[in-house]
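> This is the structure alone, sequence omitted:
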């Protein structure tokens, strides 16, 4: 069983030994290329290949869905989707009744914000952080 096949949630990711993350990132890249080829090309391959290590690091560091990770534009959420329990449905991404190509709050509790335009995540994150503080809650945004 590959390392990626063992990851069904960020909790699984956080249980990995640090030396396994490099191999995991390689497996994620291979899976991304296969997935985008499977759906007929297109998609947001380059932006997702560029955030593999970043996404793995964010999910190892932060406790989603309690902590909030926001993706501006959402063109780079494929890795996030893979690490938050949607890997098995990735071949349906951007297909009718399949996974959204963007972050979608109706799709997963790990998607804190749905975006499709540049620059919206910053104001959303500020609003979430202010609301958290006003409520006296304790989580990261």
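Yep, that arrived. Quantities reported herein were computed from a predicted structural model and do not represent experimental measurements.
> where's the spatially most central residue of the chain relative to residue 42, distance?
Central residue of the chain (CA atoms, centre = their mean): residue 80, 1.3 Å from the mean position. For residue 80, the distance to residue 42 (CB to CB, to the nearest Å) stands at 19 Å. To be clear about C-beta, it is placed using only N, CA and C from the backbone, and glycine gets the same treatment.
> Show me which residues of the longest helix along the chain are buried.
In the chain, assigned by DSSP state H, the helix with the most residues is helix 21-38. Neighbour-count burial for helix 21-38, counted by 16 or more other CB atoms under 10 Å, picks out 21, 24-25, 27-28, 31-32, 35-36.
> What of stretch 126-135?
Buried residues in stretch 126-135, counted by 16+ other CB under 10 Å: residue 128.
> now stretch 35-55
35-36, 39, 43-45, 48-49, 51-52, 55.
> For the longest helix of the chain, name the packing helices and strands.
helix 45-49, helix 52-61, helix 78-81 (3 or more CB pairs under 8 Å, 6 or more residues apart in numbering; DSSP states H and E).
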